[in-house]
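Asker: I'd like to go over a predicted model; first the sequence, then the structure.
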Amino acid sequence: MLVLVCYDVNTETQAGRRRLRRVARVCESTGQRVQKSVFECQLDVAQYEALERRLLAEIDPAADCLRLYRMPGTRGFEVREHGTFRATDFEGPLVL
């Protein structure tokens, strides 16, 4: 399933800036950055739950916001891209 991870970490303090870097590292290890605080991840259910646990361990729920969107693999779902960034097609051929 395709999962969108969106976060907003309060960076007013040094601890917040550290949390932001740690959250970004977790996301970078799992998916691809599509905007500064938005990642696309292709995951199965176990990977999704593990990612959620890792991210919840990093954020401060009193100061930060974390949103995880599970996108169904059904017809009708589409992503329209505009601008310079082109995301990796997870379903397409892998060319090295």
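Answerer: Ah, there it is.
Asker: if I've got this straight, R54 is in a helix?
Answerer: Yes: with DSSP: H, G, I helix; E, B strand; the rest coil as the criterion, R54 is located in a helix.
Asker: Test for you: state the pLDDT assigned to it.
Answerer: If you check R54, the pLDDT there is 96.
Asker: isn't it right next to V26, touching?
Answerer: Yes: judged on CB atoms under 8 Å, R54 makes contact with V26 at a distance of 5.0 Å. C-beta here means a position set from N, CA and C on the backbone, and glycine is covered the same way.
Asker: Compare those two (neighbour count), which wins?
Answerer: V26 (19 against 16; other CB atoms under 10 Å).
Asker: so who does that one touch?
Answerer: Neighbour list for V26: L51, R54, L55, E58 [criterion: CB atoms under 8 Å, 6 or more residues apart in numbering].
Asker: Equivalent analysis for G31, please.
Answerer: Contacts of G31 by CB under 8 Å, 6+ apart are V3, V5, F39, E40, C41, Q42, L43.
Asker: Torsion angles phi and psi at it?
Answerer: Torsion angles at G31 (phi, psi; degrees, to the nearest 10) stand at phi -140, psi -160.
Asker: Which residue, neighbours along the chain excluded, lies closest to it?
Answerer: C41 (3.2 Å; CB to CB, 6 or more residues apart in numbering).
Asker: Looks to me like the one you found is in a helix.
Answerer: No: counting by three-state DSSP, one finds C41 to be strand, located in no helix.
Asker: how much space is there between it and D60?
Answerer: Using CB to CB, to the nearest Å, C41 is found at 22 Å from D60.
Asker: So between these two, which is more surrounded?
Answerer: C41 (19 against 12).
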